[in-house]
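Undergrad: What shape does this take:
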Amino acid sequence: MSSYQNKIVLKNVSKSFDEMEILRDINIEVKEGELVSILGPSGSGKSTIFNILTSLISSDNGEVEVSGDLSYMYQKDMMVPWKKVIDNIGIPLIFKGDSKKNSREKVKKHIDEFGLSGFEYKYPSQLSGGMKQRANFLKTYLTSNDIMLLDEPFGALDSMTRRKMQKWLLDLTKKMNSTILFITHDIEEAILLSNRIYVISEKPAIIKGEIEVNLPKERNEDIVTSDKFVAIKKEILELM
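TA: This is a model prediction of the structure:
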């Protein structure tokens, strides 16, 4: 990945709210086509990094560089309950000026690929947690598939569904040319999905280490018991 351009760069970024220091001298780089995870405990300021990247808030100091268009997928289900799944997914296209008919046609092109065939005309209340997240992911993808910020997208799912969704995301990213920055507090999830991992501390968050995930591109559930996987997990645990 070293020959690819940086899509996201944070240099010495810090942030405080009132008297509470949240981030301290955060340095992160994400290259084109990478899936990079920010791994840290809940409430450590990981989402604050995303809010800075999307200009929802500004940093107190440091430099922020984003080369491309961003989309942001929240952990919380953001689907509108009275709209059908296909129209929920098409909301960003409507905001960009598409008609309802055109947005539906564009969404339909991705329905099979995202595993939503047969669910597109249902309402959110009729979907399982995993299916809702597939729909939310496609909605995020249609907002921008250039740089995607995923904030613990599987955090609210039960462990079995979460494993299925991780495998689904691995398979999907092989077909995409997106750059993904992924927030999680799950060590195994970070290792399974990522090219690299930034381990951050509790507040005030600092970067405790950067881990290269030297695992084969083809990954399945069995890899979590491999010697390389266990060694990476041990390295992360020693940093936390």
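Undergrad: and the spatially most central residue of the chain, what does it touch?
TA: By CA atoms, centre = their mean, the chain has its centre lying nearest to Leu150, at 2.0 Å. Counting by CB atoms under 8 Å, 6 or more residues apart in numbering, Leu150 touches 73, 137, 140, 180-183. Quick note: C-beta positions are derived from backbone N, CA and C, even for glycine.
Undergrad: try 7 Å this time
TA: Under the criterion of CB atoms under 7 Å, 6 or more residues apart in numbering, the neighbours of Leu150 are 73, 180, 182-183.
Undergrad: can you check Glu188 too?
TA: 224, 233.
Undergrad: How about the one 10 residues further on?
TA: Taking CB under 7 Å, 6+ apart as the definition of contact, the neighbours of Tyr198 are 28, 36, 38-39, 207, 210.
Undergrad: Name the helix or strand for it, please.
TA: Assigned by DSSP states H and E, Tyr198 belongs to strand 196-200.
Undergrad: for Met148, same thing?
TA: strand 147-151.
Undergrad: about what we covered before: per-residue confidence at the residue nearest to the centre of the chain?
TA: According to the prediction, Leu150 has pLDDT 94.
Undergrad: do the same with Ser159
TA: 85.
Undergrad: from now on call the first residue 57
TA: Noted, 57 is the first residue going forward, which turns the last one into Ser215.
Undergrad: how many other residues sit next to it?
TA: When neighbours are defined as other CB atoms under 10 Å, Ser215 has 9 of them.
Undergrad: My guess is Asp81 contacts Asn68. True?
TA: Yes - look at Asp81 against Asn68 with CB atoms under 7 Å: they come within range, at 4.9 Å.
Undergrad: Neighbour count: those two, which is higher?
TA: Counted by other CB under 10 Å, Asp81 and Asn68 do not tie: Asp81 has more neighbours, with 15 against 12.
Undergrad: Which strand or helix spans the closest residue in space to Asp133 that isn't next to it in sequence?
TA: For Asp133, ignoring the flanking residues on the chain, the nearest one in space by CB to CB, 6 or more residues apart in numbering is Lys188 at 5.5 Å. Using DSSP H and E, Lys188 sits in helix 185-199.
Undergrad: Please name every helix or strand in contact with that helix.
TA: Judged by 3 or more CB pairs under 7 Å, 6 or more residues apart in numbering; DSSP states H and E, the packing partners of helix 185-199 are strand 126-129, helix 141-145, helix 147-151, helix 215-229.
Undergrad: what residues go with each domain of this protein?
TA: Structurally, the chain divides into domains by automatic domain parsing as follows: 57-125+203-296, 132-199.
Undergrad: tell me the angle the worst-scoring helix or strand of the chain on mean pLDDT makes with strand 203-207.
TA: Within the chain, confidence by mean pLDDT, DSSP states H and E is lowest for helix 215-229 among all helices and strands, at a mean of 85. With axes from the mean of the first three to the mean of the last three CA atoms, to 10 degrees applied, the angle from helix 215-229 to strand 203-207 works out at 170 degrees.
Undergrad: Local confidence estimate at Ser58?
TA: Note for Ser58: predicted pLDDT of 49.
Undergrad: just Val86 next, same as before
TA: So Val86 comes in at 96 (pLDDT).
Undergrad: number of nearby residues for it?
TA: Val86, neighbours per other CB under 10 Å, totals 27.
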